[in-house]
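Q: kindly return the folded structure for what I paste below:
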Amino acid sequence: MRVVVGIMAIAIYSGITIYLGWNMRAWLLSMQAYRWPYLFWGVLFVIAFGYLIGKMHKVLTPFSVLGSYWMFVLQYGLMLCILGNLIVLLTPLSVKVVGTGVIGILLVLLIAGTYFAYTPVVRHATIEMKKPGEDMRVVVGSDFHLGLLAGKGHLAKFVALSNEQQPDLVLLAGDIVDDSPQRFIDKGMGDVMKNLQSTYGVYGVLGNHEYYGKEIPAFKKAMQEAHVQILMDETILVANRLYLTGREDVTNKQRLPIRALQPDEKELPWLMMNHTPNDLDEPANAGVDLHISGHTHKGQMWPNHYITQKVFELDYGYRQKGAMHALVSSGFGFWGPPTRIGSQSELWVIDITFGK
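A: Prediction:
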């Protein structure tokens, strides 16, 4: 069954690629610039499957970059080509004019998307807990996907923005690396990460991409050397002020239920990191005070957020569910193309006030 589904997926993907190539060919013909058809189609399919080609060997890594950008072209090129075909069909405008307009719009979207991906913003939320305690500030980051396209420089932006907030706690809610931690290690990103400043430390959890990489021991070691404590289905007491739980991601079908992670002391605040916000009922019913997630990217590129809104009860932002406060970040990095349309790379600052 998997083989059949895989063949169908490749067939559909190839069909879309041919459709985009046919439109590009028509525009090039209108510009009298179409040459060497075999080379044209060969290069097109190499780029289209570049992401997979780049995974085969380190020397082929540049193909992953091309393949990542192709994902952007695939999404917006498909929408614009369909629109462009209708315009050519229903109006007197020529293929040359419409095609040039499509290329121009794609370039504008690419420039804007690159800006929103690499120019992070700081978002704020203030919540009140009905438990005794001293007010505190928490910085939340998720979905860095540190690796090939989100590298040392992008991580340095997070460190600088986080330190400006003077946080009491820094929480990294999964997908810290993009599958494998090797590029994080080889590029010395841990030396940047360890500059994070926090009164009570820096903590993180695994996301689905850490599981995809299947190098969790190496990842945990790299994080430990970067002064980040990774919590895997465990609850710890932080500075006698709060309990912090880090859940395994839902990718791990053997992860513990929340009731097995409940702290003994009910009077102290209970914070939980769970990368995928697949279920808010369970933590709310268990008595979690603040539940933090990422994963959704807010769709990353419009109009994908309409899908994430259907899949998740809360796909982005803040919501109170009963007594529990829930926050889902769109992430500080990106997956696939280094572009964001309708979302922006971000970190959250949560100011928590307590009852006296």
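Q: mind checking how far the residue lying farthest from the centre of the chain is from Val98?
A: Here the chain reaches farthest from its C-alpha mean at Pro92, the gap being 42.4 Å by Cα atoms, centre = their mean. Taking Cβ to Cβ, to the nearest Å as the measure, Pro92 falls 11 Å from Val98. The C-beta positions use only the backbone N, C-alpha and C, and glycine is treated the same way.
Q: same check on Val205?
A: Distance from Val205 to Val98, by Cβ to Cβ: 48 Å.
Q: what helix or strand is the residue farthest from the centre of the chain located in?
A: Per DSSP states H and E, Pro92 falls between elements, in no helix or strand.
Q: equivalent analysis for Val4, please.
A: Assigned by DSSP H and E, Val4 belongs to helix 2-30.
Q: any idea which helix or strand comes after that helix?
A: Next along from helix 2-30, by DSSP H and E: helix 37-48.
Q: which strands or helices does that next one pack on?
A: Helix 37-48 is packed against helix 2-30, helix 61-90, with contacts defined by 3 or more Cβ pairs under 8 Å, 6 or more residues apart in numbering; DSSP states H and E.
Q: when Val205 and Val98 are compared, which one has more neighbours?
A: Val205 (29 against 23; other Cβ atoms under 10 Å).
Q: which residues are contacting the helix or strand hosting Val140?
A: With elements taken from DSSP H and E, the one containing Val140 is strand 136-141. Outside strand 136-141, the residues that touch it by Cβ atoms under 8 Å, 6 or more residues apart in numbering are 158, 162, 165-173, 198, 241, 271, 290, 292, 327, 329, 331-332, 347-352.
Q: the helix or strand that it is followed by - contacts with which helices or strands?
A: Following strand 136-141 in sequence order, the next helix or strand is helix 152-164 (DSSP H and E). Helix 152-164 sits against strand 136-141, helix 189-193, strand 346-355, with contacts defined as 3+ Cβ pairs under 8 Å, 6+ apart.
Q: buried ones in the helix holding Val4?
A: Residues of helix 2-30 classed as buried by neighbour count (16 or more other Cβ atoms under 10 Å): 16-17, 20-21, 23-24, 26-27, 30.
Q: cool, and stretch 223-239?
A: 223, 226, 228-231, 233, 235, 238.
Q: could you identify the most distant pair in these?
A: The distance between the two most remote of these (Cβ to Cβ) is 22.3 Å, for Ala226 and Thr235.
Q: which one of the buried residues of stretch 223-239 is nearest to Ala125?
A: The closest of the buried residues of stretch 223-239, once distances to Ala125 are taken by Cβ to Cβ, is Val238, at 19.7 Å.
Q: show me what contacts the closest one?
A: By Cβ under 8 Å, 6+ apart, the neighbours of Val238 are 169, 200-201, 244.
Q: most surrounded residue in these?
A: Leu244 leads these on contacts (other Cβ under 10 Å) with 25 neighbours.
Q: if anything else comes up later, I'll come back, but that's it for now.
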